[in-house]
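J.: next one to model:
(chains A and B)
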Amino acid sequence: MDWGMILNNTLAGFLTPATIAFALAALGLAMHFGFAGLLNFGIAGFMAIGGYGYAISVLTFGFPWWAGMLMGILGSVIFALILGIPTLRLRGDYLAIATIAAAEIARLLFLTTAFTDVTGSADGLFGFNTRPDGSGFQNANPIPPGTYGFGPFTYNEQTLWVLIFGLGVLAVAVWLLWALMRSPWGRVIKGIREDEEAIRSLGKNVFAYKLQALVIGGVFGALGGIVYTAAQNISPGVYVTSFTFFVWTALLLGGAATIFGPVIGAVIFWVIQAFLSNLLPALSLSGVLPVSTTQASTLRFVLVGIGLMLLVIYRPQGIFGDKRELTFVR
Amino acid sequence: MSILSVGGKRRLINLLTVTFLALLALFSVSAPALADAVGEEYDATIFGNVKVEGEPVGDVRIVVEGGGYKAETVTDEKGRWAVGVPEKGIYEVTLDENTLPDGIAVLEGGATQEVEFGLTDRVAKNFFIGEGERNTTSLFDQLVARLVYGINFGLMLGLASVGVSLVFGTTGLSNFAHGEMVTFGAVMALVFGVWMQLPMWVAIPLSVALSAGLGWSLDAGLWQPLRKRGLAIVQLMIVSIGLSLAMRYIIQFFVGGATEQLPGFDSPKIPLFGAVALSVTDLVSMGLSVLVIVAFAFWLLRTKTGKATRAISDNPDLAAASGIDVDKVIRIVWIMAASLAGLAGVLWAYFRPGIKWDMGTQILLLIFAAVTLGGLGTAFGALLGALVVGILVETSGLFIPADLKYVGALVVLIGVLLFRPQGLLGKKQRVG
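T.: Coordinates of the predicted model:
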């Protein structure tokens, strides 16, 4: 077994566009679930709408990259409003089922052959990051071509540009969440999570607060989808329901009701994923695991599932969470 | 192989023709000399042979569509056609009946049929054609036919849904792992019926029994200890998501990523009335579903345990205070839910047709739609909701693209939450 390569690939998992995208999506879920107590099982839908909103605006309507990304964000705001208005008045588990269904609707609409001209159907879309007319995201790349970094953290100028952009967006999102949560608005949101009736009796419009939280978290999710899409092609096969559950695992790993927990949870999740996806097939090839390499790579998802169960049962507050700020009150 | 059975020569099968055919086969494999082969750059190929009473028919237009890919070809003078496709998946193959000779039509299954790849890179799709009327079924007849298929689908969806509803009613848990309990039943039928070659009438009861065992062990090993630990509902829900992921990939670990078939899945369709054609499997499946649902209704309404179940759904504390052993009833509910889900899985494996590791995930949202439509926690509401969802999914294919048929059901789900969140049979005060 080539331990050097396994270690190298594992360390590379620390900083990839996917890690940043996951961190942003987990941050959105932290807003929804950790602070507002909303059970959103459709974060993959928010991400897909962000990514597709960006890609379609650029390809079909010829928008410059920044306007395309704004359209992706706008799309997720509209999605949150459509989703929130009928369901936020209802009990939590209804929101869970409605969000998971809405995310599937979004994915199936991107997948269907009926809109192939716009969505690219199962093949997805490509060629939107670099545009012939110079309005693409990579056209705006100020970094000269070349190879940068060292060891496992070696990137070409395109990936580096996505990483810088993604880290910038992530930093703003983290700051925004931190600022929001220490504001009076954030205290009301946390109050709703703890006791909705009490907040209502204070004369607050609980529904409006919840809707605002849904929109803000949804925008974080859409930003995750945009960063993911800025790094590569977009295809509907990515945004399946298990993707949502992986983001949930990352969130609960770090701690749902924390600011940095989701970010660190996403990093840990991806490092472990990178480690297992390199280690397990290697173990199988060297004969330590008596299974085929395909089976070995399936095993890591089994481990994600078992890990999620153990985490929720034994440490529901996550690694960095505070037991007093448990979000599982209801 | 049908591609080799050159018609009209069947009575003269002797060594010579066999040798000739073998040579032909060799030739056609090494150099597919088809008149108009499309997509040869791809590894996966759908091929077929258009013949009428043994005579090949050339220049028949064939369209292959699926997964965002579309290609068309025409048959060569030997009636053969082949279309390469980018990936192994489900495709719709359409035979353009207007390009057939006069008075010739597709006799079974319609001019558009679905084809799915198995283990190999090549899959055959042949149409039963002959002298007959063109498929000029009126919209009404098609609607009736879809209605019947929808009822069939709705019944098996009902079997899967009552379990979710019972578990929700008694424990408050929305079980996201229920889809995997459906897959489990189908996979057990695969293990007994295909891998161990047992007859299906033995294999199906065995898989339902094992599903019941799964329900028992899940409650005994996981859910009851967690209830004793005092986990909150949301925690339990996320545990069920973890369980769903783990079970799904364990199933993939053992079964692999391919679609497997149960014996008898392609039993011939018998035309009944109008455009309705059902196979024996379909009829048995519908009969079995109705029988089980009636037995279930009797259990829930008339037996002591059934009454206790409803009492717990209404008010667990009061039920416990009046001497009902809540844990025992919940154990029975889990066994019941899992075995009904397992049976639904077997029937669905015939209806789809096919067994795949993620089939449960596909049906889970339809189950949730059915349960929500009927009213969370009401068993008969779930049955009613399942019938409505099943009929909706099947009939909506007439009006919207086939790959959007699940979207209709999910839109209804959100619509129900908007206008009648308690569902068709739910009580209003329980919600909100």
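J.: where does the stretch 201-330 of chain A have low pLDDT?
T.: Counting by pLDDT under 70, the stretch 201-330 of chain A has low-confidence residues at A:327-330.
J.: near chain B, which residues of the stretch 51-200 of chain A show up?
T.: A:83, A:86-87, A:89-94, A:96-98, A:100-102, A:104-105, A:108-109, A:111-114, A:116, A:120-123 (Cβ under 8 Å from any Cβ of the partner chain). (C-beta placed from N, C-alpha, C; glycine too.)
J.: what subset of the residues you listed is buried?
T.: A:83, A:86-87, A:89-90, A:92-94, A:96-98, A:100-102, A:104-105, A:108-109, A:111-113, A:120-123 (16 or more other Cβ atoms under 10 Å in any protein chain shown).
J.: next step: those restricted to strands.
T.: Judged by DSSP state E, strands contain none of those.
J.: mark which of these are part of helices, please.
T.: Counted as lying in helices by DSSP state H, out of those, are A:83, A:86-87, A:92-94, A:96-98, A:100-102, A:104-105, A:108-109, A:111.
J.: so what pLDDT did residue B:131 get?
T.: In this model, residue B:131 is scored at 67, pLDDT.
J.: tell me if stretch B:311-330 is near chain A.
T.: No: using Cβ under 8 Å from any Cβ, stretch B:311-330 never reaches chain A; the gap is at least 15.2 Å.
J.: so for that stretch, first residue to last residue, what's the gap.
T.: In stretch B:311-330, first residue to last residue: 12 Å (Cα to Cα, to the nearest Å).
J.: quick one: it to chain centroid distance?
T.: Relative to the chain's own centre, stretch B:311-330 is displaced by 36 Å; criterion: Cα atoms, centre = their mean, to the nearest Å.
J.: so how far is residue B:268 from residue B:279?
T.: Separation of residue B:279 from residue B:268 (Cβ to Cβ, to the nearest Å): 6 Å.
J.: among the two, which residue is more densely surrounded?
T.: Higher neighbour count among residue B:279 and residue B:268: residue B:279, with 16 against 11, using other Cβ atoms under 10 Å in any protein chain shown.
J.: so what's that one closest to, chain neighbours aside?
T.: What sits nearest to residue B:279 in space, not counting adjacent residues and going by Cβ to Cβ, 6 or more residues apart in numbering or on different chains, is residue B:267, at 4.4 Å.
J.: for chain A, just list every one of the helices.
T.: Under DSSP H, chain A gives helices at A:3-12, A:17-29, A:43-61, A:65-87, A:92-111, A:116-119, A:157-181, A:184-194, A:196-201, A:206-231, A:241-254, A:261-285, A:293-314.
J.: can you tell which of these is closest to residue B:51?
T.: Closest of those to residue B:51 is helix A:116-119, at 33.3 Å (criterion: Cβ to Cβ).
J.: from the contact counts, what lies against that closest one?
T.: Applying 3 or more Cβ pairs under 8 Å, 6 or more residues apart in numbering or on different chains; DSSP states H and E, we find helix A:116-119 packed against helix A:43-61, helix A:92-111.
J.: of those helices, which shows the lowest average pLDDT?
T.: helix A:92-111 (a mean of 89).
J.: quick check: residues of the stretch 201-350 of chain B near chain A?
T.: Proximity of the stretch 201-350 of chain B to chain A (Cβ under 8 Å from any Cβ) is limited to residues B:226, B:229, B:231-235, B:237-239, B:241-250, B:252-253, B:256-257.
J.: switch the cut-off to 7 Å
T.: Applying Cβ under 7 Å from any Cβ of the partner chain, we find that the stretch 201-350 of chain B lies next to chain A at B:226, B:231-235, B:237-239, B:241-243, B:245-246, B:249-250, B:252-253.
J.: excluding chain neighbours, what is closest to the most centrally placed residue in chain B?
T.: By Cα atoms, centre = their mean, chain B has its centre lying nearest to residue B:352, at 2.9 Å. Leaving aside its sequence neighbours, residue B:352 sits nearest to residue B:359 (Cβ to Cβ, 6+ apart; 7.0 Å).
J.: same check on residue A:53?
T.: Nearest residue to residue A:53, sequence neighbours excluded (Cβ to Cβ, 6+ apart): residue A:72, at 3.3 Å.
J.: quick check: the one you found vs residue A:291, distance?
T.: Residue A:72 is 41 Å from residue A:291, where distance means Cβ to Cβ.
J.: so these two - more neighbours on which side?
T.: The neighbour comparison of residue A:72 against residue A:291 (other Cβ under 10 Å) goes to residue A:72, with 28 against 15.
J.: wait, isn't that one in contact with residue A:56?
T.: No: shown here, residue A:72 and residue A:56 do not form a contact pair, counting by Cβ atoms under 7 Å, at 8.8 Å.
J.: mind listing the strands for the stretch 1-150 of chain B?
T.: Secondary structure of the stretch 1-150 of chain B (DSSP state E, counting those that start in this stretch): strands at B:44-49, B:51-52, B:55-56, B:61-66, B:69-74, B:80-85, B:90-95, B:104-106, B:112-116, B:122-124, B:129-131.
J.: brilliant, that's me finished.
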